[in-house]
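1. need the 3D shape of this:
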Amino acid sequence: MTKHIFITGGVVSSLGKGLTAASLGMLLEARGLSIRMQKLDPYLNIDPGTMSPYQHGEVYVLDDGAETDLDLGHYERFTSGYLSKNSSWTTGKIYRNVLRRERKGKYLGKTVQVIPHITNEIKRAIRSLRGHHVDVVLTEIGGTVGDIESLPFLEAIRQFALDTGRENCLFIHLTLLPYLKSSKELKTKPTQHSVSRLRQIGIQPDILVCRTEHSLNNIERDKIGLFCNLESRNVIEEKDADFSIYEVPITLQQHGLDQRVIEFFWRNLEYRNPPDLTAWFDILDRLRHPLHEVTIAVVGKYAKHKDAYKSIYESLDHAGIKNRVNVRVRGIPSDELDLSQLKEVNGILVPGGFGDRGVEGKIEAVRFAREQKIPFFGICLGMQCAVIEFSRNILGFHEANSTEFEPTTRHPVITLMDAQRNVTDKGGTMRLGSQPTVLISTSQVFKCYGNTHISERHRHRFEFNNNYREQLHNHGLLIAGTSPDGKLVEVIELPNHPWFVGVQYHPEFKSQPTKPHPLFDGFIAAAVQQHGKQKII
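-> Residues are numbered from 1 along each chain as shown. Below is the predicted model:
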């Protein structure tokens, strides 16, 4: 029978429930278990697709086109369990489903209420990940205990344990242990209050994971266990990572988190052998002992907010791990770009985005990379900016632009597809999820992938305008990849440049620390070869 782990948080938000959940998932997989992961978010939006990155960080896209919370990026980077639209649920999505059923008469005229109808829908969402080949489902509950918005989700998982059997459901609660410098002590009272609120709802946590700046001693661990009604050995320390987030699984394993889970669910010996973490120790060794160092400029609209490009930064790190390179990222807001900021960088990356703010800065960054022969990587809008820049400065079409920014431009080198032009609901025009691409075998991207047929995730509305395809090609812009029918341009390159690649899709969503994405790998390798040759002593 599928087992369920529910991960809640208390005291403050942004404690790292997603990273903790992903780390535990990785440890259980390393023991031979099949897992699935899921995030339940309390906000009313249907999904984060229309939310500002300043509000919610990046929108992470899955293979099936689901627009999700960035924590699902942690899940995919740390584990191999398949994620789908059933891996991401919000209050808005839950209520929408309930109201649709009510309109269809599915409740037979009954008054629709939070209990049982909303909680039943939440439980249905949790059960959607069960399967004969799924050993454990890990469900992270967004928000913190005590939030009004989170109450239906907490009530639902309380009921779920009754329905499924308490022996099949494990509750993990993540809290903060603040450190007072004046008295030089960790304070356990906030954790006690958080657990008390959870117990008032009817949930007794089985394991406490305590975020802390300083290590717990036995006295503090015993005190927490006593006042929170659990064995002190089930109080797990999660000290802030000194070096990298990829230390977290190692730390949690050393403190016995995965062992406590195994002991709770299983009494047989099948899963009792410790996980093989050789690959993760190799990752940390490569991070700690790089051979080179490069500086990559990320010129984007949201460069001041790191979570807006979370997967891009992680993907750069993954490529650095592969190449034994310390990758220093310099985030540069594209609407404040000064070209002097780019003079000492070893590579320039222009990420995706929507809206016209900062676009001219992105285009200038592309021009600088092209003219100065600096390795360049354009992603989604970054690729479109490369097409605009090339059209303006090589073809001489000085008014070239995207119709997203200038609807009446004389040279719309980027535009909507014909099928999208009369659609008023812009959400219906997005290309979302995995789409196939065919690469030409003489291209730089083919050398990176080693394959002519690939599949990558998309999230965009505007496309390369094929009316300009021949002119751009004749002036040296290589169309390196297209959709299988050849109608949509997916990849562009400049063959006479050390490394100049633009892609319409989002490769950052398919990169892992143990398996960096081929294009990020190629980009960082080019930056090292071109500029970053100084060995770190």
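2. which residues in the stretch 301-450 of the chain form strands?
-> Listed in chain order, the strands of the stretch 301-450 of the chain (DSSP state E, counting those that start in this stretch) span residues 325-333, 347-350, 376-379, 400-402, 411-416, 431-439.
3. cool, and the stretch 101-250 of the chain?
-> So, for the stretch 101-250 of the chain - with DSSP E, counting those that start in this stretch - the strands run 136-141, 169-177, 179-180, 185-186, 207-212, 235-239.
4. can you redo the ones you listed as TSV with mean pLDDT?
-> As requested, the strands of the stretch 101-250 of the chain are exported to TSV (pLDDT from 0 to 100):
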stretch	mean pLDDT
strand 136-141	97
strand 169-177	96
strand 179-180	89
strand 185-186	88
strand 207-212	96
strand 235-239	95
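5. sorry, back to before: could you work out which of the strands of the stretch 301-450 of the chain reaches nearest to Asp135?
-> strand 431-439 (26.0 Å; C-beta to C-beta). Quick note: C-beta positions are derived from backbone N, CA and C, even for glycine.
6. what is the neighbour count of Ala66?
-> Other residues near Ala66 come to 19 when the count uses other C-beta atoms under 10 Å.
7. gap between the closest residue to Gly352 other than its chain neighbours and Ile283?
-> Nearest-residue entry for Gly352: Cys380, 3.2 Å, with adjacent residues in sequence omitted and distances by C-beta to C-beta, 6 or more residues apart in numbering. In this view, Cys380 and Ile283 are 28 Å apart by C-beta to C-beta, to the nearest Å.
8. what's the helix or strand for Ala525?
-> Assigning secondary structure by DSSP states H and E places Ala525 in helix 518-530.
9. surely Glu140 touches Pro42?
-> No - counting by C-beta atoms under 8 Å, Pro42 is not a contact partner of Glu140; they are 11.6 Å apart.
10. more neighbours: the two, which one.
-> Using other C-beta under 10 Å, the more surrounded residue of Glu140 and Pro42 is Glu140, with 26 against 20.
11. could I get the contacting residues of that one?
-> For Glu140, the residues meeting the contact criterion (C-beta atoms under 8 Å, 6 or more residues apart in numbering) are 7, 17-18, 21, 37-40, 71.
12. just the ones of those residues in helices?
-> The members of these that map onto helices under DSSP state H are 17-18, 21, 71.
13. ranking by neighbours, what's the top pick from those?
-> Ala21 (27 neighbours).
14. can you tell me which residues contact the closest residue in space to Gly300 that isn't next to it in sequence?
-> Closest residue to Gly300 apart from its sequence neighbours, by C-beta to C-beta, 6+ apart: Pro351 at 4.6 Å. With contacts defined as C-beta under 8 Å, 6+ apart, the neighbours of Pro351 are 298, 300, 309, 312, 379-382.
15. so which of the residues you listed is surrounded by the most neighbours?
-> With neighbours defined as other C-beta under 10 Å, the most crowded of the contacts of Pro351 is Gly300; it has 29 neighbours.
16. list the contacts of that residue.
-> For Gly300, the residues meeting the contact criterion (C-beta under 8 Å, 6+ apart) are 308-309, 331-334, 350-351, 353, 358, 362.
17. flag the shaky bits of the stretch 201-350 of the chain, pLDDT-wise.
-> For the stretch 201-350 of the chain, applying pLDDT under 70 flags the ranges 267-272.
18. which residues of it fall in helices?
-> 218-228, 248-254, 257-265, 278-288, 310-323 (DSSP state H, counting those that start in this stretch).
19. the longest one to helix 518-530, inter-axis angle?
-> What it means is helix 310-323. Taking axes from the mean of the first three to the mean of the last three C-alpha atoms, to 10 degrees, helix 310-323 and helix 518-530 form an angle of 60 degrees between their directions.
20. output helix 310-323 as PDB, nothing but the C-alphas.
-> The C-alpha coordinates for helix 310-323 follow below in PDB (Å, rounded to 0.1, in the frame of the first residue of the first chain):
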ATOM      1  CA  LYS A 310      15.900  30.100  -9.800                       C
ATOM      2  CA  SER A 311      16.200  27.200 -12.300                       C
ATOM      3  CA  ILE A 312      18.600  29.200 -14.500                       C
ATOM      4  CA  TYR A 313      21.000  29.800 -11.500                       C
ATOM      5  CA  GLU A 314      20.800  26.200 -10.500                       C
ATOM      6  CA  SER A 315      21.400  25.000 -14.100                       C
ATOM      7  CA  LEU A 316      24.600  27.200 -14.200                       C
ATOM      8  CA  ASP A 317      25.700  25.600 -11.000                       C
ATOM      9  CA  HIS A 318      25.100  22.100 -12.500                       C
ATOM     10  CA  ALA A 319      27.200  22.900 -15.500                       C
ATOM     11  CA  GLY A 320      29.900  24.300 -13.100                       C
ATOM     12  CA  ILE A 321      29.800  21.000 -11.200                       C
ATOM     13  CA  LYS A 322      30.300  19.000 -14.500                       C
ATOM     14  CA  ASN A 323      33.200  21.200 -15.700                       C
END
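21. distance between that helix and the chain's centre?
-> Taking the mean C-alpha point of helix 310-323 and that of its whole chain, the gap between them comes to 12 Å (C-alpha atoms, centre = their mean, to the nearest Å).
22. ok, now stretch 514-533?
-> Put simply, stretch 514-533 sits 21 Å off its chain's centre (C-alpha atoms, centre = their mean).
23. same deal with stretch 473-488?
-> Counting by C-alpha atoms, centre = their mean, stretch 473-488 is centred 29 Å from the centre of its parent chain.
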